[in-house]
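Enquirer: generate coordinates for the sequence data below:
(one chain, ligands or ions: 1)
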Amino acid sequence: MKFSKSALLALATAASASPTKRQSAAPGACPSPVRLDASTNVFRQYTLHANSFYRAEVEAAVRQISDPTLAAKAAKVADVGSFLWLDTIKNIERLEPALQDVPCDHILGVVVYDLPGRDCAAKASNGELKVGELQRYKTEFIDKIAEIIKRYPNTAFALVIEPDSLPNLVTNIDLTSCQQSASGYREGVAYALQQLNLPNVVMYLDAGHGGWLGWDSNLRPGAEELASVYKRAGSPSQLRGFATNVAGWNSWDQTPGEFASRSDAQWNSCQNEKLYVEKFGAALRTAGMPNHAIVDTGRNGVTGLRQEWGHWCNVDGAGFGQRFTTNTGSELCDAFVWVKPGGESDGTSDPSAVRYDEFCGKPDAFKPSPEAGEWNQAYFEMLLKNANPPF
Ligand code: BGC
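Expert: Prediction:
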């Protein structure tokens, strides 16, 4: 179902004016309240929705492509299920319009991403909230998102909680910025897990990727870090497990792995995401946290591009990866999903920008690239041309 912008605004205004009267009126939503059982793989029942925000970005991109064959392929990207990022307080306004067209057999994927002192080990995604602004995070960000989700009990939501945050506390705690962020991350993530623990929600807590917490010496501390925050949140019933490879580049099951011939590979038994899901999943189980995963396959269609495993910014030559499926071949992996919206930048390549991170200037990073989250048409077209499977 399509809505004009003014109709959406009217809906949003009506909703905020009389929140109590509004009982899940999202058109197309289920006739009765959705109850997700997080002890099962809900993606078997609900298809990841191709959200209207990314659809609009892709449709605008299609209009810029003059080659009709490429334009026709680009148009198909709009139909791929992907996650909507809530990365600032202001961008919460994207949520309500995006849930209007979610039918009863679909689930809306949402990334919750605005912790105080965000992106403590890098610069490109530093957020709006400073260390110490946890109260604002709780009341102006998490509470507002929870309010909207409660207003739409007949719509299903899958949430990825705070990419990179807890993994940074495991491996980058030598940095002053991460030390300063640590208590706010733990309390903030626990608060998010608690407040968003709603019947129509399943949650996956971000666990980095195999080249990060997959190192043998990081597996256990990583699992314990996540599990401790989960327990602090009161072991919420709607937490299904963890998300990996978010905005990442790792192959699902390339064997031997992309970096397996490196001399340090002996210290990392998770040379692809499948191995990582299995080993980190086992460590989580030992640590007492639910351990099913979703894996971001949005941009991992091409491997062999990165000079180093840790290169994360706008990798040059990348291609779109597997589209949404629950056919993963791993009991622990619920689904392949697109979390990072392909075409949105990871960070600016402009060295004079405040949020310039040197990783975005590496030889294997695509240039020029705009600020994190902004659209990069050339990058989108490259992902499309290199898509694997192709469009
Ligand atoms: C950026 C966010 C953006 C997200 C999705 C992150 O790297 O920091 O602002 O919403 O990517 O593109």
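
Enquirer: nearest to the ligand: which residue in the stretch 201-350 of the chain?
Expert: residue 344 (3.3 Å; CB to the nearest ligand atom). For every residue, glycine as well, the C-beta is placed using N, CA and C.

Enquirer: give the contact list for that residue.
Expert: By CB atoms under 8 Å, 6 or more residues apart in numbering, residue 344 lies in contact with 57, 372, 373, 374, 375, 376.

Enquirer: is it in a bridge, and if so with what?
Expert: Residues in a beta bridge with residue 344, per DSSP bridges, are residue 342, residue 375.

Enquirer: okay, now the unreliable bits of the chain?
Expert: 1-26 (pLDDT under 70).

Enquirer: what's the residue closest to the geometric middle of it?
Expert: residue 339 (4.1 Å; CA atoms, centre = their mean).

Enquirer: got the residues of this structure near the ligand?
Expert: Remark: the part of the chain in contact with the ligand comprises 85, 87, 125, 247, 340, 341, 344, 346, 372, 373, using CB under 6 Å from any ligand atom.

Enquirer: contact partners for the residue nearest to the fourth one when sequence neighbours are not counted?
Expert: In space, not counting the residues next to it along the chain, residue 247 is nearest to residue 340; the distance is 3.9 Å by CB to CB, 6 or more residues apart in numbering. When the contact criterion is CB under 8 Å, 6+ apart, the partners of residue 340 are 83, 246, 247, 248, 296, 298, 299, 346.

Enquirer: show me where the chain has strands.
Expert: Here the chain has its strands, by DSSP state E, at 47-48, 83-86, 106-112, 156-161, 201-206, 239-244, 292-296, 333-337.

Enquirer: tabulate these in TSV, adding columns for mean neighbour count.
Expert: Below are the strands of the chain laid out as TSV (neighbours: other CB atoms under 10 Å):
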stretch	mean neighbour count
strand 47-48	21
strand 83-86	24
strand 106-112	24
strand 156-161	26
strand 201-206	27
strand 239-244	28
strand 292-296	28
strand 333-337	25
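
Enquirer: now for those, which one comes closest to residue 318?
Expert: Ranking the strands of the chain by proximity to residue 318 (CB to CB) places strand 292-296 first, at 12.5 Å.

Enquirer: who does the closest one touch, helix- and strand-wise?
Expert: Applying 3 or more CB pairs under 8 Å, 6 or more residues apart in numbering; DSSP states H and E, we find strand 292-296 packed against strand 239-244, helix 273-287, strand 333-337.

Enquirer: can you put the ones you listed in a markdown table and add distance to residue 208?
Expert: Shown next, in a markdown table, are those (distance: least, CB to CB, whole Å):
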| stretch | distance to residue 208 |
| --- | --- |
| strand 239-244 | 7 |
| helix 273-287 | 9 |
| strand 333-337 | 16 |
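
Enquirer: still on that earlier bit, go through the contacts of residue 340 and name the one nearest residue 70.
Expert: Ranked by distance to residue 70 (CB to CB), the contacts of residue 340 are led by residue 299 at 18.1 Å.

Enquirer: can you give me the distance of the closest residue to that closest one other than its chain neighbours to residue 101?
Expert: Using CB to CB, 6+ apart and skipping the chain neighbours, the partner closest in space to residue 299 is residue 318 (5.0 Å). Separation of residue 318 from residue 101 (CB to CB, to the nearest Å) stands at 29 Å.

Enquirer: do residue 130 as well
Expert: Look at residue 130 and residue 101: by CB to CB, they are 36 Å apart.

Enquirer: same question, residue 199
Expert: 22 Å.

Enquirer: same deal with residue 161?
Expert: Distance, residue 161 to residue 101, by CB to CB: 24 Å.

Enquirer: so how far is residue 324 from the residue nearest to residue 156 when sequence neighbours are not counted?
Expert: Leaving out its chain neighbours, the residue that sits closest to residue 156 by CB to CB, 6+ apart is residue 107, at 4.1 Å. Counting by CB to CB, the gap from residue 107 to residue 324 is 10 Å.

Enquirer: overlap in contacts, those two.
Expert: 43, 47, 48.

Enquirer: what about the first one, how many neighbours?
Expert: To tie it back to what came earlier, the one meant is residue 43. By the measure other CB atoms under 10 Å, the count of residues near residue 43 is 24.

Enquirer: for the residue nearest to it when sequence neighbours are not counted, give me its contacts.
Expert: The shortest distance from residue 43 to any non-neighbouring residue, by CB to CB, 6+ apart, is to residue 335 (4.2 Å). By CB under 8 Å, 6+ apart, residue 335 lies in contact with 41, 43, 48, 294, 295, 324, 325, 326, 328.

Enquirer: which residues does residue 335 bridge with?
Expert: Taking DSSP bridges as the rule, residue 335 bridges to residue 294.

Enquirer: quick one: it and residue 355, what's the gap?
Expert: Noted for residue 335: a distance of 32 Å to residue 355, by CB to CB.

Enquirer: check residue 120 too.
Expert: Distance of residue 120 to residue 355, given as CB to CB: 13 Å.

Enquirer: hang on, isn't residue 191 packed against residue 136?
Expert: No - with contact defined as CB atoms under 8 Å, residue 191 does not count as touching residue 136 (12.0 Å).

Enquirer: these two: who's more crowded?
Expert: Counted by other CB under 10 Å, residue 191 and residue 136 do not tie: residue 191 has more neighbours, with 19 against 15.

Enquirer: for that one, which non-adjacent residue is spatially closest?
Expert: Using CB to CB, 6+ apart and skipping the chain neighbours, the partner closest in space to residue 191 is residue 138 (5.4 Å).

Enquirer: report the distance from the lengthiest helix in the chain to the chain centre.
Expert: The longest helix of the chain (DSSP state H) is helix 176-195. The chain centroid and the centroid of helix 176-195 are separated by 18 Å under CA atoms, centre = their mean, to the nearest Å.
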